[in-house]
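Enquirer: sequence first, then the predicted structure:
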Amino acid sequence: MSCCGQDAQMGKAAHYPDSRRLTPARTLTTLMLATMIACLLAACGRDDVRPTPTHDALAKRQWPVVTPDDPAAANAVLMRAISLVGTPYRYGGNTPQGGFDCSGLVNYVYRDMLDLKLPRSSSELAQVQGPKIAPERLAAADLVFFGNRGNVSHVGIYVGEGRFVHAPSSGGTVRLDQLDGPYWREHYSGARRVLQ
């Protein structure tokens with residue numbers, strides 16, 4: 001028999017083992033995989049093995065719908081604010097072309113839509129004449145404030161259902177966030193109603 005013929009006969013067993021015959025290691029791997037799949041499928045249908053909701057999920061509030069005093073003005077503010085989502089953040093910025101910081105966004109929206117000039121900084125905006133609003137009484141276009149230990153350092157525009165539009169930070173863009181998000185809930189410092 002030639003050299004190649006011997007390799008063909010001997011090599012078949014050595015290099016191409018019968019794929020239907022399972023080795024002990026392959027049997028164990030297959031068994032472990034089947035067990036894991038069975039456990040995952042069983043977990044999908046049983047409430048007692050699902051993870052319990054996190055504190056954040058339990059803390060989500062139901063946000064009542066509060067009709068603004070001036071629905072047309074509030075709607076104009078909301079539509080303009082939402083249309084600016086995605087605009088780049090820029091410290092000191094107050095135009096769509098140049099970008100926005102948080103108070104620049106608020107000032108631009110109210111000035112553009114209602115010809116209403118507001119104070120420039122978030123801490124000055126927090127002092128605007130108008131009633132302070134409890135979270136469960138927020139209406140569209142109310143200003144929401146955030147900070148630490150009584151110092152206001154951030155402002156956004158409430159849009160409803162616990163959400164607000166704001167310009168969050170360097171490197172970011174104008175975006176929608178949830179008041180019940182962990183950071184925002186922890187730093188929430190109040191709200192003011194500008195439209196009356």
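Expert: All right, it came through fine.

Enquirer: domain ranges for the chain?
Expert: Structural domains assigned to the chain are 3-49, 71-192, following automatic domain parsing.

Enquirer: tell me the strands beside the longest strand anywhere in the chain, with direction?
Expert: The longest strand of the chain (DSSP state E) is strand 151-160. Paired with strand 151-160 in the same sheet, following DSSP bridges, are strand 143-148 (antiparallel), strand 163-166 (antiparallel).

Enquirer: buried residues, the longest one. List them.
Expert: By neighbour count with 16 or more other CB atoms under 10 Å, strand 143-148 contains the buried residues 143-147. Heads up, the C-betas are built off the backbone N, CA and C, glycines and all.

Enquirer: ok so, going back, of all the strands paired with strand 151-160, which one comes closest to Arg192?
Expert: strand 143-148 (4.9 Å; CB to CB).

Enquirer: list the contacts of that closest one.
Expert: 106, 122, 125-126, 128, 138, 152-158, 164, 179, 184, 187-194 (CB atoms under 8 Å, 6 or more residues apart in numbering).

Enquirer: derive a ChimeraX selection command for the buried subset of those residues.
Expert: In ChimeraX, this line selects whichever of the contacts of strand 143-148 come out buried by 16+ other CB under 10 Å:
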select :106,122,125,126,138,152,154,155,156,157,158,164,179,184,188,189,190,191,192,193,194
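
Enquirer: show me what whatever helix or strand Asn107 lives in packs onto, helices and strands only.
Expert: Taking DSSP states H and E as the criterion, Asn107 maps to helix 102-114. Secondary-structure packing of helix 102-114 (3 or more CB pairs under 8 Å, 6 or more residues apart in numbering; DSSP states H and E): helix 71-83, strand 94-95, helix 122-125, strand 151-160, strand 163-166.

Enquirer: deepest in the core, which of the domains of the chain is it.
Expert: Of these, the one with the most neighbours on average (mean count of other CB atoms under 10 Å) is domain 71-192, at a mean of 17.

Enquirer: quick one: end-to-end length of that one, please.
Expert: 16 Å (CA to CA, to the nearest Å).

Enquirer: likewise for stretch 148-168?
Expert: First-to-last distance for stretch 148-168 - CA to CA - comes to 16 Å.

Enquirer: pLDDT (mean, whole number) over it?
Expert: The pLDDT scores in stretch 148-168 average 95.

Enquirer: now the strands paired with strand 151-160 as TSV including distance to Asn75?
Expert: Output for these, formatted as TSV (distance: least, CB to CB, whole Å):
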stretch	distance to Asn75
strand 143-148	16
strand 163-166	14
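
Enquirer: wait, which of these is closest to Pro96?
Expert: Within the strands paired with strand 151-160, the stretch nearest Pro96 is strand 163-166; the backing value is 13.3 Å (CB to CB).

Enquirer: low-scoring stretches of the protein, by residue?
Expert: 1-60 (pLDDT under 70).

Enquirer: related to what we said a few turns ago, tell me what angle the longest strand of the chain forms with helix 71-83.
Expert: 110 degrees (axes from the mean of the first three to the mean of the last three CA atoms, to 10 degrees).

Enquirer: tell me what the closest residue to His187 other than its chain neighbours is bridged to.
Expert: Of all residues not flanking His187 in the chain, Phe146 sits nearest, at 4.3 Å (CB to CB, 6 or more residues apart in numbering). Listed by DSSP bridges, the beta-bridge partners for Phe146 are His154, Tyr188.
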